[in-house]
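In: following is a predicted model, sequence given first.
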2 protein chains.
Amino acid sequence: MIERRRNALGSAYRLFYENPVHLVKGKGVWLFDADGRKYLDMYNNVPHVGHCHPHVVEAICKQIGTLNTHTRYLHENVIELAERLTAKCPKELDNVMFSCTGSEANELALRIARTVTGGTGLIVTDYAYHGNTKAIFEISTEDIPADEVPDYVVTVPSPDTYRDGLDADDYANHVHAAIQLLRDRGIKPAAFIIDTIVSSAGVITPPGHYLKNAAEIIRAAGGLFVADEVQPGFGRTGKNFWGYEVDDFIPDIITVGKPMGNGHPIAATIARSDLIDQFATHSQYFNTFGGNPVSCAAGLAVLDVIEQEDLQANALQVGQYLTNGLKALADKHDAIGDVRGSGFFKAVDLVTDRDTKEPAPDITVSVVNALRSNGILTGSIGKHDNILKLRPPMVFSQENADFFLGVFDEVLGAITSPV
Amino acid sequence: MIERRRNALGSAYRLFYENPVHLVKGKGVWLFDADGRKYLDMYNNVPHVGHCHPHVVEAICKQIGTLNTHTRYLHENVIELAERLTAKCPKELDNVMFSCTGSEANELALRIARTVTGGTGLIVTDYAYHGNTKAIFEISTEDIPADEVPDYVVTVPSPDTYRDGLDADDYANHVHAAIQLLRDRGIKPAAFIIDTIVSSAGVITPPGHYLKNAAEIIRAAGGLFVADEVQPGFGRTGKNFWGYEVDDFIPDIITVGKPMGNGHPIAATIARSDLIDQFATHSQYFNTFGGNPVSCAAGLAVLDVIEQEDLQANALQVGQYLTNGLKALADKHDAIGDVRGSGFFKAVDLVTDRDTKEPAPDITVSVVNALRSNGILTGSIGKHDNILKLRPPMVFSQENADFFLGVFDEVLGAITSPV
């Protein structure tokens, strides 16, 4: 199967794990492989309300058997979903434009920002991921080779207070410096864009008033603040519905994607209508599949389930329980340098030495593969690939947390203290 | 409803028709509005095998209730779909990479072309549409304002033999000239990209050996030939499965989208594995939703139906019947300047004068709206917006054609010969 796959899909694809998983079924927080083995899914945020949630499946199947067209005909679903999304935002963010992927949502955000500001300059955190299209690959500092970063893209440090020892003001000063660098190059700033949980660099809750200050700084320079909510959005962080709400400010544009349709390809760019109005004088927007009745049925059903099953509160409560459990394990295992994150978006920073905070990528890859062997799916992130990322579906329970904590304890013990 | 939509979606969206259609149901070639009125769909190519085709609906619903993950786990569907797609291509085109939209498929094609060739220059026909992301908007010469076209994008005339009176060699010479222009600017060519039925400029079957010659010319200059098959692909032109097959050559990359999942967001970039291998040394590729088990189930089901219901043959046969009917109407109505296209992708070029070929946009907009009032959905295209575009689902029958031809006859008579 791996060979057939390699022949047909080519060499640019990769598989997770030393021993890849062949999944055939999913239900709630569980995934099942072809041999009937089950895995606790602590990796996938896309099946936000749980794999194959019956309410979402039913909504999609009902609509797909009835009508699936596009936004150039009138349909209730696209209007209702736009209204329900803006109801989750401050009143200033009153327009929604639909696309299919986070890449497309970010593409549109940058097109709007560049059109409205007349600038081209972009400021982005280092080691970020925002998507795979050309303009978004250019700001996906995790992936793009340093010598290919265009002169209109300037990076600022991810606000990693654990490793850097800097504070919110220090990080905001880097935004100032980035604007100055763009100006030195003769480039007008268009936007500051940030994944508001700084996922790729290690799941970092932006400290203090970093976001608010960054927004003030970019606006003073004539640019916009774009909050990439593709990963932290939809209640995942527990305390808030959007990641940016850790600070007291309102972004100009927010982008959403992955969890929005529980796996159905749907994404959106939510912005102030005055920005959209200015953009519209320059360009119409049409996305063949974006905002179609089926995609919107999926989006509506996901919002239903989040509300009906009170999943944001679950993320807050069980997320805290998980944090407590991880912190208790840190008392026992020196390899745990830091436990951070919020709700159901957690990071365990693994180190070889707590004082020097020397990253432990070897331990991390062993942990990820051992967890997989023990029926738990996770992944690793960070510049040094030494951070265990925990990001389960929102229906993850205290019982699931106990199962994970027990296995993680054993696995970490076996790896870090070999006989 | 229009006001709610305007408030929630903003001003960059537009609706079809003076009197927009509020659709609630679709079945085969028919769409139904909220008042129970039915419309013959001669516009939508996305529901390729017919609205809400039961085989496709069933395949999607079965998979979506079973498992929906991504390409970093093993799954049979993505492998099988890639194998079945490459089986529809010459053996040289042996790798498939999945995304969600035509924009994304073209983004990836250009990223591959630029990485492999080391060039940035792109040659594209004038008045083309390839998508809405930044890099693709730059080559969507239908939409981008002329003063925003970057210096690495050079246009060549759409091969519109009806209006220009040029031949295949003349058009190929323009590709030569475009390469020279790029070189004069110090830019290395990366690719020539063309929608192989030249849809936006008026549904044009590339004449003679234009495509083959263009491929030879771009390759001699170190670039690649990208066939955008998003619209003509999947048997729509009747005679061939892909649009480029009107000529005797093999593209380096082909991109597919719209009809591929019958409305489910799925797209792909099909390329030679040596190109993918070179690209992979530079960059991995991951698309969260691209190639997921549900999208691939949709893609497989669409291929099943095309084969089981022999829809390519239907497009050829009924398409020819439609052409004959339209040509008969041209004997009666002077406003019909030209009837062209292939299979179920037809254009009726409406003019005020057959000798001067003066475009008749006023007649065209009246025809489109009158057809809508009479229960037939179509649209208009072309630089002068004077071309009626006919692009029905592939299950369109001879009876449907007769219905359309009768109404079109009446409508055209009423509009062009007012009492």
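Out: Now that the structure is in, tell me what you want to look at. On a predicted model such as this, the values are computed, not experimentally measured, just so you know. Residues are numbered from 1 along each chain as shown, chains lettered A, B, ... in the order given.
In: care to break chain A down by domain?
Out: For chain A, the domain assignment from automatic domain parsing gives the residue ranges A:2-52+A:310-416, A:54-308.
In: give me the mean pLDDT for the first one.
Out: It refers to domain A:2-52+A:310-416. If you average the pLDDT over domain A:2-52+A:310-416, you get 97.
In: end to end, how far does that domain reach?
Out: 31 Å (CA to CA, to the nearest Å).
In: for chain B, tell me whether that domain is touching it.
Out: Yes - using CB under 8 Å from any CB of the partner chain, domain A:2-52+A:310-416 reaches chain B at A:2, A:4-5, A:7-16, A:20-26, A:31, A:44, A:46-47, A:51-52. C-beta here means a position set from N, CA and C on the backbone, and glycine is covered the same way.
In: going through these, which ones are buried?
Out: For the residues of domain A:2-52+A:310-416 next to chain B, a neighbour count by 16 or more other CB atoms under 10 Å in any protein chain shown gives the buried set as A:5, A:8-13, A:15-16, A:20-26, A:31, A:44, A:46-47, A:51-52.
In: in chain A, which spans are helices?
Out: All helices of chain A, identified by DSSP state H, fall at A:2-9, A:54-64, A:76-87, A:102-117, A:134-137, A:161-164, A:168-184, A:210-220, A:273-282, A:293-308, A:311-332, A:361-373, A:398-416.
In: what mean pLDDT does the fourth one have?
Out: Spelled out, that is helix A:102-117. Regarding helix A:102-117, the rounded mean pLDDT is 98.
In: that helix near chain B anywhere?
Out: Yes - Helix A:102-117 is in contact with chain B by CB under 8 Å from any CB, via A:102, A:103, A:104, A:107, A:108, A:110, A:111.
In: most neighbours among those, which one is it?
Out: When neighbours are taken as other CB atoms under 10 Å in any protein chain shown, the top entry among these is residue A:104 (34 neighbours).
In: and the gap between residue A:313 and chain B?
Out: In this view, residue A:313 and chain B are 25 Å apart by CB to the nearest CB, to the nearest Å.
In: list the contacts of that residue.
Out: Contacts here follow CB atoms under 8 Å, 6 or more residues apart in numbering or on different chains; on that basis residue A:313 touches residue A:238.
In: specify the beta-bridge partners of residue A:338.
Out: Listed beta-bridge partners, residue A:338: residue A:349 (assigned using DSSP bridges).
In: need the contact list for it.
Out: The contact partners of residue A:338, taken as CB under 8 Å, 6+ apart, are A:162, A:347, A:348, A:349.
In: what is the nearest of these to residue B:298?
Out: Within these, distances to residue B:298 taken as CB to CB reach their minimum at residue A:347, with 35.2 Å.
In: tell me the two of the contacts of residue A:338 that are most distant?
Out: In the contacts of residue A:338, two members sit farther apart than any others by CB to CB. They are A:162 and A:348, at 11.6 Å.
In: looking at those two, which has the bigger crowd around it?
Out: residue A:348 (27 against 14).
In: count of neighbours near the closest residue to that one other than its chain neighbours?
Out: Leaving aside its sequence neighbours, residue A:348 sits nearest to residue A:388 (CB to CB, 6 or more residues apart in numbering or on different chains; 4.2 Å). Residue A:388 sits with 26 neighbouring residues when counted by other CB under 10 Å.
In: would you agree residue A:388 is in contact with residue A:380?
Out: Yes - under the criterion of CB atoms under 8 Å, residue A:388 is in contact with residue A:380, at a separation of 6.0 Å.
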